[in-house]
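Asks: Structure for this input, please:
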Amino acid sequence: MGLSPVTFYDLRYDQNNRSPIIFLKDTQSDRFLPVWIGEAEAISIEIASRGETPPRPLTHDLMKRILDNAGIRLVSVIIDRLVGSVYYATLVLEVGERTVEVDCRPSDGVALALREKAQIFVSDELMYNIKFVEMSPAEGMALEEADEPEATRYRTIDFKQFLKGVKPSDFKEG
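Replies: This next block holds a predicted model:
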């Protein structure tokens, strides 16, 4: 199975489905993977993406502390399949000299990866066979120069229009 490295791109709210959505961006192209998530996970991801620490540990902060204290390192998160409209992911952990894989929800994996600064991967099958993952300027995204010479960042132009008509089933193959 080929894997595409992705970065956390943005967190949005889908008004139609009343659900937060995270967007993961392929580091090698302008492809995005949208993942609908729960409210609690959205809050946790938002806090981690800003590099903030809550006054009391959230579930993902607690998990990070447990992993750290047990000497377990999060190596990566792999989002590897879509069954119906549900994404599945795997935590790849280093436990001493062993590598252990643990099933998890993508939102939990992303929340932990942001805290641990671990790499996130999406299977190529998902990244390249899901509808609406390439966004051109006409579809609501445009390149904007960043302060760093080789870096680029994206800004939304008319993303709300895109979200008004999209639903989770639009991202299934076929």
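Asks: hey, let's count contacts and neighbours off CA atoms from now on
Replies: Noted.
Asks: Could you check the pLDDT of Glu94?
Replies: pLDDT recorded at Glu94 is 97.
Asks: Distance check, it against Leu74.
Replies: Look at Glu94 and Leu74: by CA to CA, to the nearest Å, they are 6 Å apart.
Asks: What of Leu93?
Replies: Distance from Leu93 to Leu74, by CA to CA: 5 Å.
Asks: So which of Glu94 and Leu74 has more stuff around it?
Replies: A side-by-side neighbour count of Glu94 and Leu74, using other CA atoms under 10 Å, places Leu74 first with 24 against 16.
Asks: how many neighbours does the residue nearest to Val95 when sequence neighbours are not counted have?
Replies: Sequence neighbours aside, Ile72 is the residue nearest to Val95 in space, at 5.0 Å (criterion: CA to CA, 6 or more residues apart in numbering). Ile72: 18 surrounding residues under other CA under 10 Å.
Asks: Next: the one 3 residues further on.
Replies: Neighbours of Val75 under the rule other CA under 10 Å: 18.
Asks: residues making contact with the helix or strand containing it?
Replies: In this structure, Val75 is located in strand 72-83 according to DSSP states H and E. The contact list for strand 72-83 (CA atoms under 8 Å, 6 or more residues apart in numbering) reads 67, 87-96, 106, 109-110, 113, 116, 118-123, 126, 172.
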